[in-house]
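Sharing a model prediction with you, sequence too.
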Amino acid sequence: MDRVTGLFPLWALLISALAVVYPALLMPLKWAIVPLLGVVMFGMGVTLTPSDFAATVKRPVIIALGVVLQFLLMPLIGWLLTRLLALPLPLAVGVVLVGAAPGGTASNVITYLARGDVALSITLTSMSTMLAVVMTPLLTWLYVGQLVAVPTADMLLSILKMILIPVACGVFVNTLWGSRLGELKRVFPLISIVGVVLIIGAIVALNQPQLSTLVLPVVLAVILHNLLGLAGGYMIPKAFGFDATICRTIAIEVGMQNSGLAVALAVKYFSPAAALPGAIFSIWHNLSGAALASFWSRTGRPR
(Lines give C-alpha, C1' and ligand atoms only; values in the text may rest on other atoms or scores of the structure.)
Protein backbone atom coordinates (compact mmCIF):
# COMPACT_ATOMS: atom_id res chain seq x y z
CA MET A 1 0.00 0.00 0.00
CA ASP A 2 2.74 2.47 0.98
CA ARG A 3 4.63 1.66 -2.22
CA VAL A 4 1.55 2.41 -4.32
CA THR A 5 0.83 5.74 -2.61
CA GLY A 6 4.52 6.66 -2.67
CA LEU A 7 4.43 6.46 -6.46
CA PHE A 8 1.72 9.14 -6.66
CA PRO A 9 3.77 11.50 -8.89
CA LEU A 10 4.29 8.67 -11.37
CA TRP A 11 0.56 7.86 -11.50
CA ALA A 12 -0.20 11.56 -11.92
CA LEU A 13 2.27 11.87 -14.81
CA LEU A 14 0.91 8.73 -16.48
CA ILE A 15 -2.71 9.86 -16.32
CA SER A 16 -1.65 13.30 -17.57
CA ALA A 17 -0.02 11.66 -20.58
CA LEU A 18 -3.18 9.61 -21.16
CA ALA A 19 -5.27 12.78 -20.96
CA VAL A 20 -3.11 14.48 -23.57
CA VAL A 21 -3.30 11.55 -26.02
CA TYR A 22 -6.89 10.48 -25.36
CA PRO A 23 -8.69 13.47 -23.77
CA ALA A 24 -12.14 12.11 -24.59
CA LEU A 25 -11.60 9.30 -22.06
CA LEU A 26 -11.24 11.69 -19.12
CA MET A 27 -13.26 14.76 -20.11
CA PRO A 28 -16.52 13.16 -18.83
CA LEU A 29 -15.02 13.18 -15.30
CA LYS A 30 -15.49 16.95 -15.05
CA TRP A 31 -18.68 16.43 -13.03
CA ALA A 32 -16.79 14.22 -10.53
CA ILE A 33 -14.09 16.76 -9.55
CA VAL A 34 -16.02 18.26 -6.61
CA PRO A 35 -17.33 14.91 -5.26
CA LEU A 36 -13.82 13.40 -5.51
CA LEU A 37 -12.42 16.27 -3.45
CA GLY A 38 -15.09 15.57 -0.83
CA VAL A 39 -13.93 11.95 -0.64
CA VAL A 40 -10.31 13.09 -0.22
CA MET A 41 -11.32 15.46 2.60
CA PHE A 42 -13.34 12.76 4.34
CA GLY A 43 -10.24 10.56 4.22
CA MET A 44 -8.28 13.35 5.91
CA GLY A 45 -10.94 13.64 8.60
CA VAL A 46 -10.76 9.93 9.37
CA THR A 47 -7.10 10.43 10.39
CA LEU A 48 -7.99 13.20 12.88
CA THR A 49 -9.51 13.41 16.36
CA PRO A 50 -10.77 16.40 18.38
CA SER A 51 -7.48 16.31 20.32
CA ASP A 52 -5.63 17.34 17.14
CA PHE A 53 -7.52 20.63 17.18
CA ALA A 54 -7.09 21.02 20.94
CA ALA A 55 -3.31 21.04 20.37
CA THR A 56 -3.57 24.69 19.32
CA VAL A 57 -3.95 25.65 23.00
CA LYS A 58 -0.59 24.08 23.88
CA ARG A 59 1.52 25.85 21.22
CA PRO A 60 -0.42 28.97 20.21
CA VAL A 61 2.58 31.03 19.00
CA ILE A 62 3.95 28.33 16.68
CA ILE A 63 0.48 27.49 15.35
CA ALA A 64 -0.31 31.16 14.76
CA LEU A 65 2.98 31.70 12.90
CA GLY A 66 2.40 28.68 10.67
CA VAL A 67 -1.17 29.68 9.81
CA VAL A 68 -0.25 33.33 9.19
CA LEU A 69 2.58 32.32 6.85
CA GLN A 70 0.24 29.89 5.07
CA PHE A 71 -2.27 32.59 4.20
CA LEU A 72 0.21 35.47 3.86
CA LEU A 73 3.14 34.10 1.85
CA MET A 74 1.53 31.78 -0.70
CA PRO A 75 -1.21 34.10 -2.01
CA LEU A 76 1.24 37.02 -2.15
CA ILE A 77 3.93 34.99 -3.92
CA GLY A 78 1.35 33.64 -6.35
CA TRP A 79 0.06 37.10 -7.17
CA LEU A 80 3.56 38.50 -7.66
CA LEU A 81 4.44 35.64 -10.00
CA THR A 82 1.36 36.27 -12.13
CA ARG A 83 2.52 39.87 -12.58
CA LEU A 84 6.19 39.01 -13.12
CA LEU A 85 5.42 36.30 -15.70
CA ALA A 86 2.52 38.24 -17.26
CA LEU A 87 0.29 35.18 -17.11
CA PRO A 88 -3.01 35.12 -19.02
CA LEU A 89 -5.96 35.92 -16.78
CA PRO A 90 -7.28 32.33 -16.38
CA LEU A 91 -3.83 31.08 -15.33
CA ALA A 92 -3.35 34.07 -13.00
CA VAL A 93 -6.63 33.25 -11.26
CA GLY A 94 -5.57 29.62 -10.94
CA VAL A 95 -2.17 30.47 -9.43
CA VAL A 96 -3.80 32.80 -6.87
CA LEU A 97 -6.35 30.11 -6.01
CA VAL A 98 -3.53 27.65 -5.31
CA GLY A 99 -1.84 30.24 -3.11
CA ALA A 100 -5.05 30.97 -1.21
CA ALA A 101 -5.72 27.28 -0.53
CA PRO A 102 -4.95 25.67 2.84
CA GLY A 103 -2.13 23.23 3.50
CA GLY A 104 -2.29 19.92 1.65
CA THR A 105 -2.73 16.56 3.37
CA ALA A 106 0.43 15.21 1.74
CA SER A 107 2.41 17.63 3.93
CA ASN A 108 1.86 15.35 6.92
CA VAL A 109 3.53 12.41 5.20
CA ILE A 110 6.37 14.56 3.85
CA THR A 111 6.94 16.01 7.34
CA TYR A 112 7.22 12.51 8.76
CA LEU A 113 9.75 11.50 6.09
CA ALA A 114 11.71 14.74 6.64
CA ARG A 115 11.92 14.06 10.39
CA GLY A 116 9.82 17.09 11.21
CA ASP A 117 7.14 17.55 13.87
CA VAL A 118 4.24 15.41 12.62
CA ALA A 119 1.84 16.50 15.39
CA LEU A 120 2.49 20.13 14.50
CA SER A 121 2.00 19.40 10.80
CA ILE A 122 -1.36 17.73 11.42
CA THR A 123 -2.48 20.62 13.62
CA LEU A 124 -1.43 23.23 11.03
CA THR A 125 -3.17 21.35 8.21
CA SER A 126 -6.33 21.07 10.31
CA MET A 127 -6.35 24.72 11.32
CA SER A 128 -5.65 26.09 7.83
CA THR A 129 -8.32 23.76 6.41
CA MET A 130 -10.93 25.10 8.82
CA LEU A 131 -9.90 28.73 8.23
CA ALA A 132 -9.94 28.23 4.46
CA VAL A 133 -13.74 28.41 4.50
CA VAL A 134 -13.34 32.17 4.95
CA MET A 135 -9.75 32.87 3.95
CA THR A 136 -9.66 31.24 0.50
CA PRO A 137 -12.62 33.20 -0.98
CA LEU A 138 -11.48 36.39 0.77
CA LEU A 139 -7.88 36.18 -0.48
CA THR A 140 -8.98 35.26 -4.00
CA TRP A 141 -11.22 38.34 -4.08
CA LEU A 142 -8.43 40.52 -2.62
CA TYR A 143 -5.85 39.57 -5.27
CA VAL A 144 -7.90 39.04 -8.45
CA GLY A 145 -11.28 40.56 -7.63
CA GLN A 146 -10.42 43.68 -9.64
CA LEU A 147 -9.71 41.53 -12.72
CA VAL A 148 -12.51 38.98 -12.66
CA ALA A 149 -15.79 38.56 -10.78
CA VAL A 150 -15.15 36.50 -7.64
CA PRO A 151 -18.36 35.03 -6.15
CA THR A 152 -17.01 35.21 -2.59
CA ALA A 153 -20.18 34.14 -0.76
CA ASP A 154 -20.83 31.23 -3.14
CA MET A 155 -17.21 30.09 -2.83
CA LEU A 156 -17.51 30.19 0.95
CA LEU A 157 -20.54 27.92 0.84
CA SER A 158 -18.84 25.59 -1.63
CA ILE A 159 -15.76 25.24 0.57
CA LEU A 160 -18.05 24.55 3.50
CA LYS A 161 -19.55 21.66 1.53
CA MET A 162 -16.29 20.47 -0.07
CA ILE A 163 -14.04 20.64 2.98
CA LEU A 164 -15.60 21.43 6.34
CA ILE A 165 -18.52 19.00 6.19
CA PRO A 166 -16.52 16.00 4.82
CA VAL A 167 -13.66 16.59 7.29
CA ALA A 168 -16.11 16.95 10.19
CA CYS A 169 -17.84 13.72 9.13
CA GLY A 170 -14.47 11.97 8.98
CA VAL A 171 -13.51 13.20 12.46
CA PHE A 172 -16.91 12.10 13.77
CA VAL A 173 -16.52 8.60 12.30
CA ASN A 174 -12.97 8.31 13.64
CA THR A 175 -14.00 9.49 17.09
CA LEU A 176 -16.84 7.00 17.42
CA TRP A 177 -15.56 4.00 15.51
CA GLY A 178 -11.87 4.65 14.87
CA SER A 179 -10.73 1.66 16.93
CA ARG A 180 -12.99 -0.63 14.88
CA LEU A 181 -11.91 0.59 11.47
CA GLY A 182 -8.50 -1.08 11.78
CA GLU A 183 -6.98 -1.86 8.39
CA LEU A 184 -9.76 0.05 6.63
CA LYS A 185 -8.13 3.33 7.73
CA ARG A 186 -5.00 2.35 5.82
CA VAL A 187 -7.03 2.24 2.61
CA PHE A 188 -8.08 5.89 2.80
CA PRO A 189 -4.71 7.30 1.65
CA LEU A 190 -4.95 5.08 -1.44
CA ILE A 191 -8.52 6.27 -2.10
CA SER A 192 -7.31 9.86 -1.74
CA ILE A 193 -4.48 9.24 -4.20
CA VAL A 194 -6.89 7.75 -6.74
CA GLY A 195 -9.23 10.72 -6.31
CA VAL A 196 -6.50 13.31 -6.84
CA VAL A 197 -5.07 11.41 -9.83
CA LEU A 198 -8.50 11.34 -11.51
CA ILE A 199 -8.94 15.07 -10.84
CA ILE A 200 -5.57 15.79 -12.48
CA GLY A 201 -6.46 13.63 -15.47
CA ALA A 202 -9.78 15.39 -15.97
CA ILE A 203 -8.20 18.88 -15.82
CA VAL A 204 -5.42 18.01 -18.25
CA ALA A 205 -7.97 16.51 -20.66
CA LEU A 206 -10.19 19.60 -20.48
CA ASN A 207 -7.18 21.82 -21.28
CA GLN A 208 -5.67 19.54 -23.93
CA PRO A 209 -6.49 21.76 -26.95
CA GLN A 210 -4.54 24.72 -25.53
CA LEU A 211 -1.82 22.92 -23.58
CA SER A 212 0.90 23.85 -26.06
CA THR A 213 0.49 27.56 -25.25
CA LEU A 214 -0.32 27.24 -21.54
CA VAL A 215 1.95 24.55 -20.19
CA LEU A 216 5.33 26.34 -20.19
CA PRO A 217 4.32 29.51 -18.29
CA VAL A 218 2.16 27.61 -15.81
CA VAL A 219 4.88 25.03 -15.06
CA LEU A 220 7.38 27.82 -14.42
CA ALA A 221 4.91 29.63 -12.17
CA VAL A 222 4.10 26.47 -10.22
CA ILE A 223 7.75 25.54 -9.63
CA LEU A 224 8.67 29.04 -8.46
CA HIS A 225 5.53 29.29 -6.32
CA ASN A 226 6.28 26.05 -4.50
CA LEU A 227 10.03 26.64 -4.04
CA LEU A 228 9.60 30.21 -2.81
CA GLY A 229 6.90 29.03 -0.38
CA LEU A 230 9.19 26.30 0.98
CA ALA A 231 12.08 28.76 1.33
CA GLY A 232 10.01 31.46 3.03
CA GLY A 233 8.31 28.90 5.27
CA TYR A 234 11.72 27.82 6.53
CA MET A 235 13.65 31.08 6.71
CA ILE A 236 11.05 33.21 8.49
CA PRO A 237 10.57 30.85 11.48
CA LYS A 238 14.38 30.49 11.54
CA ALA A 239 14.69 34.27 11.82
CA PHE A 240 12.34 34.15 14.82
CA GLY A 241 14.65 31.67 16.54
CA PHE A 242 12.67 28.44 16.16
CA ASP A 243 14.60 25.19 15.95
CA ALA A 244 15.20 23.31 12.70
CA THR A 245 12.49 20.71 13.35
CA ILE A 246 9.80 23.39 13.57
CA CYS A 247 11.28 25.26 10.59
CA ARG A 248 11.17 22.12 8.46
CA THR A 249 7.58 21.45 9.45
CA ILE A 250 6.32 24.98 8.74
CA ALA A 251 8.24 25.10 5.44
CA ILE A 252 6.56 21.90 4.21
CA GLU A 253 3.16 23.05 5.44
CA VAL A 254 3.45 26.44 3.72
CA GLY A 255 4.91 25.13 0.45
CA MET A 256 2.51 22.20 -0.04
CA GLN A 257 -1.03 23.32 -0.85
CA ASN A 258 -4.43 21.69 -1.05
CA SER A 259 -4.31 22.09 -4.81
CA GLY A 260 -7.33 19.82 -5.20
CA LEU A 261 -9.47 22.53 -3.63
CA ALA A 262 -8.02 25.10 -6.02
CA VAL A 263 -8.89 22.83 -8.95
CA ALA A 264 -12.45 22.25 -7.77
CA LEU A 265 -13.10 25.97 -7.19
CA ALA A 266 -11.55 26.91 -10.53
CA VAL A 267 -13.75 24.48 -12.45
CA LYS A 268 -16.88 25.50 -10.57
CA TYR A 269 -16.47 29.28 -10.64
CA PHE A 270 -13.93 30.18 -13.35
CA SER A 271 -12.68 27.95 -16.18
CA PRO A 272 -10.82 24.68 -16.90
CA ALA A 273 -7.72 26.75 -17.74
CA ALA A 274 -7.84 28.28 -14.25
CA ALA A 275 -7.71 24.74 -12.85
CA LEU A 276 -4.49 23.86 -14.69
CA PRO A 277 -2.09 25.46 -12.14
CA GLY A 278 -3.69 23.41 -9.38
CA ALA A 279 -3.41 20.17 -11.35
CA ILE A 280 0.27 20.77 -12.13
CA PHE A 281 0.95 21.90 -8.57
CA SER A 282 -0.46 18.56 -7.34
CA ILE A 283 2.24 16.74 -9.28
CA TRP A 284 5.14 19.10 -8.66
CA HIS A 285 4.79 19.69 -4.90
CA ASN A 286 4.85 15.95 -4.27
CA LEU A 287 8.05 15.63 -6.31
CA SER A 288 9.75 18.59 -4.59
CA GLY A 289 8.43 17.53 -1.19
CA ALA A 290 9.74 13.99 -1.61
CA ALA A 291 13.16 15.31 -2.72
CA LEU A 292 13.33 17.70 0.24
CA ALA A 293 12.28 14.96 2.67
CA SER A 294 14.96 12.66 1.27
CA PHE A 295 17.61 15.35 1.74
CA TRP A 296 16.54 16.23 5.29
CA SER A 297 16.19 12.58 6.32
CA ARG A 298 19.82 11.97 5.28
CA THR A 299 21.02 14.91 7.38
CA GLY A 300 19.47 13.33 10.48
CA ARG A 301 17.01 14.66 13.04
CA PRO A 302 17.85 18.20 14.10
CA ARG A 303 19.11 18.61 17.66
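Looks like it came in fine. Quick caveat: nothing in here was measured; it's all calculated off a predicted structure.

Every contact and neighbour count from this point should use C-alpha atoms.
OK.

next helix or strand past the lowest-mean-pLDDT helix or strand in the chain?
Each helix and strand of the chain was given a mean pLDDT (mean pLDDT, DSSP states H and E); the minimum falls on helix 2-6 at a mean of 53. Downstream of helix 2-6, the next assigned helix or strand under DSSP states H and E is helix 8-21.

same for that next one, what does it pack against?
helix 184-206, helix 272-299 (3 or more CA pairs under 8 Å, 6 or more residues apart in numbering; DSSP states H and E).

List the buried residues of the shortest one.
Within helix 184-206, the residues scored as buried using 16 or more other CA atoms under 10 Å are 185, 188-206.

wait, what's in contact with the residue nearest to residue 23 when sequence neighbours are not counted?
Computed as CA to CA, 6 or more residues apart in numbering, the closest residue to residue 23 that is not its neighbour in sequence is residue 205, at 4.4 Å. Neighbouring residues of residue 205 by CA atoms under 8 Å, 6 or more residues apart in numbering: 16, 19, 20, 22, 23, 24, 26, 27.

confidence score at residue 205?
Per-residue pLDDT puts residue 205 at 87.

In the stretch 201-303 of the chain, where is pLDDT below threshold?
300-303 (pLDDT under 70).

Could you rerun that using 90?
201-217, 245, 258-261, 263-264, 267-268, 271-273, 279-280, 282-303 (pLDDT under 90).

How about the stretch 51-200 of the chain?
51-60, 103-127, 129-130, 133, 145-200.

now the strands for it?
Shown for the stretch 51-200 of the chain, no strands are assigned by DSSP state E, counting those that start in this stretch.

Now do the helices in it.
Ranges of helices in the stretch 51-200 of the chain, per DSSP state H, counting those that start in this stretch, are 60-84, 89-100, 106-113, 118-144, 152-159, 165-181, 184-206.

Now residue 233: closest residue in space that isn't a chain neighbour?
residue 251 is the one closest to residue 233 (CA to CA, 6+ apart), at 3.8 Å.

Assign a three-state SS to residue 48, would you?
coil (DSSP: H, G, I helix; E, B strand; the rest coil).

I'd like the distance between the closest residue to residue 73 other than its chain neighbours and residue 99.
Leaving aside its sequence neighbours, residue 73 sits nearest to residue 229 (CA to CA, 6+ apart; 6.7 Å). According to CA to CA, to the nearest Å, residue 229 stands 9 Å off from residue 99.

ok, those two, which is more surrounded?
Per other CA atoms under 10 Å, whichever of residue 229 and residue 99 has more neighbours is residue 99, with 34 against 28.

The more buried one: what's it in contact with?
71, 74, 75, 76, 77, 78, 257.

where's it relative to residue 164, distance?
Residue 99 is 19 Å from residue 164, by CA to CA.

my read: residue 46 touches residue 177, true?
No. Counting by CA atoms under 8 Å, residue 46 stays clear of residue 177, with 9.8 Å between them.

So for those two, which residue has more residues nearby?
The neighbour comparison of residue 46 against residue 177 (other CA under 10 Å) goes to residue 46, with 23 against 12.

Got phi/psi on residue 147?
phi -100, psi -30 (degrees, to the nearest 10).

how many neighbours does it have?
11.

do you know how far it is from residue 77?
Relative to residue 77, and taking CA to CA, residue 147 is found at 18 Å.

Then residue 25?
In terms of CA to CA, residue 25 sits 35 Å off from residue 77.

which of the two has more neighbours?
Ranked by neighbour count (other CA under 10 Å), residue 25 and residue 77 place residue 77 first, with 20 against 13.

contacting residues for that one?
Counted by CA under 8 Å, 6+ apart, residue 77 has contacts 99, 225, 228, 229.

Between the residues you listed, which sits nearest residue 265?
Relative to residue 265, the closest of the contacts of residue 77 is residue 99; by CA to CA it sits at 12.7 Å.

Residue 251 reaches residue 238, doesn't it?
No. Contact criterion CA under 8 Å: residue 251 and residue 238 do not qualify, at 10.2 Å.

out of these two, which sits in the busier spot?
Ranked by neighbour count (other CA under 10 Å), residue 251 and residue 238 place residue 251 first, with 27 against 15.

Show me what the host helix or strand of that one is packed up against.
Applying DSSP H and E as the criterion places residue 251 in helix 244-255. Applying 3+ CA pairs under 8 Å, 6+ apart, we find helix 244-255 packed against helix 60-84, helix 106-113, helix 118-144, helix 211-239.
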